[in-house]
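Asker: Predicted model follows, preceded by the sequence.
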Number of protein chains: 2
Amino acid sequence: MFAAVPGPSPVVDAGSLLHGLRDGVPRTRAELSRAIGMSRSTITGWIDQLMDAGLVAPFGDAASTGGRPSSQFAFRPGAYVVLAADLGASHIRLAVTDLAGGVLAEQREEIDIATGPEVVLAALERIGGELLHEAGRGHADLVGVGIGVPGPVEFATGQPVNPPIMPGWDRFDIKAHVASAFDVPVVVDNDVNVMALGERTIAWPEVEDLLFVKVATGIGAGIIAGGDLRRGASGAAGDIGHAPLSRRSDVLCACGNRGCLEAVASGRAIAAELRHHGIGATGSREVVELVKSANVDAIQAVRQAGRDIGEILTLCVTLLNPAVIVIGGSMAQVAEHLVAGVREVVYARSIPLSTEHLTIAPARTSDDAAIAGASRLATDAALSPSRLGALLMRR
Amino acid sequence: MFAAVPGPSPVVDAGSLLHGLRDGVPRTRAELSRAIGMSRSTITGWIDQLMDAGLVAPFGDAASTGGRPSSQFAFRPGAYVVLAADLGASHIRLAVTDLAGGVLAEQREEIDIATGPEVVLAALERIGGELLHEAGRGHADLVGVGIGVPGPVEFATGQPVNPPIMPGWDRFDIKAHVASAFDVPVVVDNDVNVMALGERTIAWPEVEDLLFVKVATGIGAGIIAGGDLRRGASGAAGDIGHAPLSRRSDVLCACGNRGCLEAVASGRAIAAELRHHGIGATGSREVVELVKSANVDAIQAVRQAGRDIGEILTLCVTLLNPAVIVIGGSMAQVAEHLVAGVREVVYARSIPLSTEHLTIAPARTSDDAAIAGASRLATDAALSPSRLGALLMRR
């Protein structure tokens, strides 16, 4: 059972202290001592070490009067930076952020993920270097890289596994490639998990059980249960795009099965449905535009997609009993119709105890969720007990 | 963020030490020091305190030669006892166990849960006292009570919430009633969660992601994800009995909805189906007997129930990506037919990454899962950092 105990204990203590301060609230030694249950002298020792490392600073000196030394301490998110990357099907978006997710420099470039890992990761590493320079920070300030990719990832190794829209990336060692460029820990996860983490960090920090559903060209979910992302045994948890809607077994999915949610209710599927009705739409973007211009067929199709997604989400609610379901992804631009369809089905079909306190809402973060989540993944890794020791030695 | 840091830190350290030793493997101070990252002298201090409390003992003295003092230490599960209770629709089963779940005394009594909490809990408290006496242990040795009940429970308060087969128990304060009798912490959870914990503790201790499915008069699931039971926002997680099978919307469920899994594939539903074919069966027990006597209709009905359950489990696999699905409950006595139906559907319909390493197996614990789980719940609570301090002061 010792596997559950992470890293050397003294660093665990510093980690608890730092983790507690990451909410940004300044605290006195006495408050910290009470919160963590360490003695005042132990707290003082760790505060000194964390201050030496630049991770913690005295707070409110400016406001203090009469030269009395500051008694409050606060997390210093600017101590180091991380690189947050969002790889999409046809773009790469990168940001240098501080340790609280604050964006210091950002860039977006069109690049086809199908050009393969060597080309795309070379671009990532080049842009990353440029952004560090733009932010006025050196390689020595960088403590981690977080990357979201549009496909299934084996989280332990960070390798994509049979990613459908990422030809050439299967089992590619992204971590090793990027770590060799920046010499810091690299964390890779699928884009939906990263967005779930970003949305939760920014918009729902107090919620322990949240389901983030991305509705775009594809459909997927990220599960936060008991306060943490749950990736399952192989990292495949949340892949509801291929959950079967038995009522729609007439529809063939690209995966080879029939009636998959993604084949029925994704942006691409809605566009195909509209083409059936003689309306020119090739993907999510056109569907969103049609809905915004009040096209009745498009509105009805999106509402029906919401109901179909709601059918699968009903079982998710029954199974996971989340407090919040967030609908995100590019189709969330017309979230009112999508959410209405989802609510219609979920509230009608779920047991009362599961929906009594359930919130179903559009994502609040839009495009920022991916960068915020990737920044959080990288920061959590950099400040984890097993890494914090190295940070404390650095300065 | 300080809420995540449990209890006073020195006790957290002793808790880590004790938690690590609960696997039963004896270890030297040096091994413990390496595993937890505490200094040898800190370890020695805690070992002394845990030995004073009787929770840890020197190991292997008998084998040592030449009077050299023992250098290994092991957890002493017999230091204290807990009371584990399994309340069913028509029975109550109780055991006094040690802190490793070893049963010291056990009793089962027929009692209708519908007689209400006052009668049933009075029986529980009386039998509990008798079993402590029978095990030769006093009230001072008792450190916790764990109780599984056949209905939904709000875990934080331990109160049943609208439990369908427990009239008179809605919002009853079981914890307070039992705590006033025994003066120790009481933990209450629904029977399926308790069985999931028991099955995992006994049969799959290394598995972090496990789904336990109880198929009996009703159907429900217990979810272990990332190594812990996940109860969701209101304690309703895992209630798959009321997940809808849209194909079977002709069947009315007692909950008021249509096509619920439980209305189609539970022991009671299979018996009703068989009665349609002129075969006398009133519930799970008769169905099991018919299958064991090779009745073809019963075998086919159970197989079909397995397929229906498999349809819902396909989505559970897609969503949670468990490493193991265990089929338990009274219908698991004919598990070969049930599991065959489940496998047929789950392997056909899931994405490859989710099922590549998936095991679908009958429960290994049968009737013992509930007692093992209740014992584990009580022990985990008694040895949690917030309680361990009190235990260390007791002796």
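Answerer: Ah, there it is.
Asker: beta partners of residue A:190?
Answerer: For residue A:190, the beta-bridge partners under DSSP bridges are residue A:149.
Asker: mind listing what it touches?
Answerer: A:148-153, A:220, A:235 (Cβ atoms under 8 Å, 6 or more residues apart in numbering or on different chains). (C-beta placed from N, C-alpha, C; glycine too.)
Asker: Ok, residue A:373 next?
Answerer: Here residue A:373 is in contact with A:84, A:146, A:148, A:193-199, A:201 (Cβ under 8 Å, 6+ apart).
Asker: can we see that at 7 Å?
Answerer: The contact partners of residue A:373, by Cβ atoms under 7 Å, 6 or more residues apart in numbering or on different chains, come to A:148, A:194-198, A:201.
Asker: Among the residues you listed, which lie within helices?
Answerer: A:194-198, A:201 (DSSP state H).
Asker: domain ranges for chain A?
Answerer: Using automatic domain parsing, the domain parsing of chain A gives A:2-75, A:80-184+A:370-394, A:203-364.
Asker: okay if I get those as TSV plus mean pLDDT?
Answerer: Shown next, in TSV, are these (pLDDT from 0 to 100):
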stretch	mean pLDDT
domain A:2-75	73
domain A:80-184+A:370-394	93
domain A:203-364	92
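Asker: Deepest in the core, which of these is it.
Answerer: domain A:203-364 (a mean of 21; mean count of other Cβ atoms under 10 Å in any protein chain shown).
Asker: Give me the distance between it and the centre of its chain.
Answerer: 17 Å (Cα atoms, centre = their mean, to the nearest Å).
Asker: longest single helix anywhere in chain A?
Answerer: From DSSP H, the single longest helix across chain A is helix A:296-320.
Asker: and it, what does it pack onto?
Answerer: strand A:210-215, strand A:219-225, helix A:261-265, helix A:267-276, helix A:284-292, helix A:335-349, helix A:352-355, helix B:296-320 (3 or more Cβ pairs under 7 Å, 6 or more residues apart in numbering or on different chains; DSSP states H and E).
Asker: Tell me what angle the first one forms with strand A:219-225.
Answerer: In this case it means strand A:210-215. Per axes from the mean of the first three to the mean of the last three Cα atoms, to 10 degrees, the angle that strand A:210-215 makes with strand A:219-225 is 170 degrees.
Asker: Partner strands of strand A:210-215, with direction?
Answerer: By DSSP bridges, strand A:210-215 pairs with strand A:219-225 (antiparallel), strand A:324-328 (parallel).
Asker: Can I get the domains of chain A in JSON lines including distance to residue B:121?
Answerer: Below are the domains of chain A laid out as JSON lines (distance: least, Cβ to Cβ, whole Å):
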{"stretch": "domain A:2-75", "distance to residue B:121": "34"}
{"stretch": "domain A:80-184+A:370-394", "distance to residue B:121": "44"}
{"stretch": "domain A:203-364", "distance to residue B:121": "23"}
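Asker: what's the closest of those domains to residue B:137?
Answerer: domain A:2-75 (29.5 Å; Cβ to Cβ).
Asker: coming back round to it: specify which member of the contacts of residue A:373 is nearest to chain B.
Answerer: residue A:201 (11.5 Å; Cβ to the nearest Cβ).
Asker: what number of residues lie near the closest one?
Answerer: 20 (other Cβ atoms under 10 Å in any protein chain shown).
Asker: can you pull the contacts of it?
Answerer: Counting by Cβ under 7 Å, 6+ apart, residue A:201 has contacts A:101, A:372-373, A:376.
Asker: The residues you listed: which two are farthest apart?
Answerer: Farthest pair in the contacts of residue A:201, by Cβ to Cβ: A:101 and A:373, 9.0 Å.
Asker: if we can go back for a sec, output the helices and strands packed on helix A:296-320 in TSV; the columns should cover distance to residue A:22.
Answerer: What follows is these, written out as TSV (distance: least, Cβ to Cβ, whole Å):
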stretch	distance to residue A:22
strand A:210-215	19
strand A:219-225	17
helix A:261-265	36
helix A:267-276	36
helix A:284-292	35
helix A:335-349	30
helix A:352-355	32
helix B:296-320	29
